[in-house]
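Q: What follows is a predicted protein model with its sequence.
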Amino acid sequence: MAVPTAASVRDTGPYRPPAVTGLVDLLDRHARDRPDARALVVTGDRLGLSYGALAALADSVAARLTGTGLRRGDAVGLVGANTAEFVVALLGAARAGVVVAPLDPALPEAQLSARVEALGARAVLLGPTAPDAEPVARVPVPAWPLRVDISRTGTATATLDTGALAPRDVPATGEGLTARDALVLFTSGTTDRAKMVPLTHANVAASLRDICATYELGPGDATVAVMPFFHGHGLLAALLATLGSGGCVLLPERGRFAAHTFWDDVQAVAATWFTAVPTIHEILLDRSAHEYPGPQVAPLRFVRSCSAPLNTATQRALERTLGAPLLSAYGMTEATHQVTSEPLPDYGPLKHGSVGRSTGVDLRVVDRNGRPCPPGVRGEVWLRGATVTRGYLADPDETAHSFTDGWLRTGDLGSLDEDGYLFLAGHIKNLINRGGEKISPEHVEDVLAGCPGVAEAAVFALPDEVYGQRVGAAVVIREGEIISPGEILQYCRHRLSAVELPDRLKVVAALPHTAKGGLDRRAVVALYGRDGDTAEPGAGSGVAGAG
């Protein structure tokens, strides 16, 4: 049976996505037709910034940047928390024709400098960071602070302090960049060094249309910015898709997610949806008994999960708690974020454990010879379409490896069912090879996380002289729960094969995460991926074997 490889989560209906061509005209329609409508809600006072005011601020910054001598296609870094300054700097730079690379403000100096140098950035725009964050590391180019002041009446000003520091002199468009490019995003770099992904305005426009169409986003929608804007999840799905569709984004007071104020923020902006990584969904679920105000206060249309596998038990529990569908999505930086999503209930069934159907790309699952796999057969996920980048900047070897005849080889394992729903099974590079048996750590983690009392799990390879590798695991127990490693392994024995069952399991106080909220596998291996009990597992921890 043929598998639909370009199925849409919305095949019919009157909805029309926003007609934008990129970041340059993202605000134009709404600033013209609805200038007084709220685009952003910011600061602890929850001040509103209208589309008209936001467009005026972006134009002001664009004029200032053009006056510094920056040329179309030049690259600049952008460092800051989820604040009005970040949004104004991003859109202002786009209107000036400048290519923007959002950067994690928490990067140490060596990494931040390396990314700025690799990008060929002529300057870095600086917005405020979180109040309790470390100061932004020094960068080897001029750093220009931006400040946005908003009054209670909605008037606003933007001040970009370029001082006497002219942009650094670099080749006209940096290595591999053109005036058609809008963004450069860095991959997370937890399994390899971070790669630079150039995204054109056309890539961005196609992604925003797909995201908006998937969830039928419009002027009546509002969201709370949970994920950081220096990654595609928060930038494209939460911020840009909302602004492109005419909705409203609340930026939390401290410029980042805070569980204790989240539901107040949802209520303040009348949020109709939000998107987050599974770690944050777990936090909200754990605190829901005391903090969730109920559907009458937070009438969500849907909730979205992306950037890491979502445990099906968590998905079902959150749906029951929130009274709204929780839609799993799959995204990649190289595909301008969203690739697939579960559909809204009116457009198809929810299949827990899947990440839904294609939202615009051509998608196939292939065997090791590049031939399409039949339904239900696992292979590598390949992508092709308007959102897929042309390759990596300054990395021809990795580009040649990952891009084949117009297809992006994702490195992710998965299978398609007869309806075109994608079921992911982990990343090829993460596979544990136990005597020739290939084990997906993500699958084992999903089973472990389904054990009552387990909040989160990490699975990794342990070295073994006989089998090459064995399966190790570290788990975090929910607050107030009491469960032993032996009981967890007993639960797994009925749900995992003998080779998948962890040979060693530790209960730990917490697991390391990347800046965007995913499991930091490199740090997990460094902490726990050695034979013997050599790492500090945390208070109340235990160790058990599977024997």
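A: Sure thing, it's come through.

Q: Quick one: the strands in the stretch 1-150 of the chain, in order.
A: 38-42, 47-50, 75-79, 99-103, 123-126, 143-150 (DSSP state E, counting those that start in this stretch).

Q: need the strands for the stretch 201-350 of the chain, in chain order.
A: Using DSSP E, counting those that start in this stretch, strands in the stretch 201-350 of the chain cover 222-224, 248-250, 273-276, 302-305, 326-332, 337-341.

Q: Comparing those strands, which comes out most buried?
A: The highest average neighbour count among those, using mean count of other Cβ atoms under 10 Å, belongs to strand 337-341 at a mean of 29. The way it works is simple: take the backbone N, C-alpha and C, and place the C-beta from them, glycine included.

Q: Run me through the strand neighbours of that strand, direction for each.
A: strand 326-332 (antiparallel), strand 357-358 (antiparallel) (DSSP bridges).

Q: okay, the ones you listed in TSV with distance to residue 338 and mean pLDDT next?
A: Shown next, in TSV, are those (distance: least, Cβ to Cβ, whole Å; pLDDT from 0 to 100):
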stretch	distance to residue 338	mean pLDDT
strand 326-332	5	97
strand 357-358	10	98
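
Q: can I get those strands in CSV with distance to residue 511?
A: Below are these laid out as CSV (distance: least, Cβ to Cβ, whole Å):
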stretch, distance to residue 511
strand 326-332, 21
strand 357-358, 31
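
Q: and of those strands, who's closest to residue 350?
A: strand 326-332 (7.3 Å; Cβ to Cβ).

Q: Give me the contacts around the closest one.
A: The contact list for strand 326-332 (Cβ atoms under 8 Å, 6 or more residues apart in numbering) reads 215, 232-233, 237, 275, 281, 302-307, 310, 315, 318-319, 337-344, 350, 354-356, 359, 383, 408, 410, 422, 424.

Q: who wins for proximity to residue 243 among the strands of the stretch 1-150 of the chain?
A: Across the strands of the stretch 1-150 of the chain, closest to residue 243 is strand 38-42 (Cβ to Cβ), at 6.1 Å.

Q: still on that earlier bit, I'd like to know which of the strands paired with strand 337-341 is closest to residue 432.
A: Taking these one by one with Cβ to Cβ, strand 326-332 is closest: 22.1 Å.

Q: re the thing from before, figure out which of the strands paired with strand 337-341 is closest to residue 434.
A: strand 326-332 (26.8 Å).

Q: The closest one: how far from the chain's middle?
A: 9 Å (Cα atoms, centre = their mean, to the nearest Å).

Q: How about stretch 479-486?
A: For stretch 479-486, the distance to the chain centre is 31 Å (Cα atoms, centre = their mean).

Q: which parts of that stretch are buried?
A: For stretch 479-486, the neighbour count (16 or more other Cβ atoms under 10 Å) marks 483, 485 as buried.

Q: can I have it written out in CSV, keeping just the CAs?
A: Extracted as CSV, the C-alpha positions of stretch 479-486 are listed here (Å, rounded to 0.1, in the frame of the first residue of the first chain):
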residue,chain,number,x,y,z
GLU,A,479,8.0,14.5,44.0
GLY,A,480,6.2,12.7,46.8
GLU,A,481,6.5,9.3,45.0
ILE,A,482,8.4,6.3,46.4
ILE,A,483,9.5,3.7,44.0
SER,A,484,12.6,1.6,43.9
PRO,A,485,14.9,0.8,40.9
GLY,A,486,13.9,-2.8,41.2
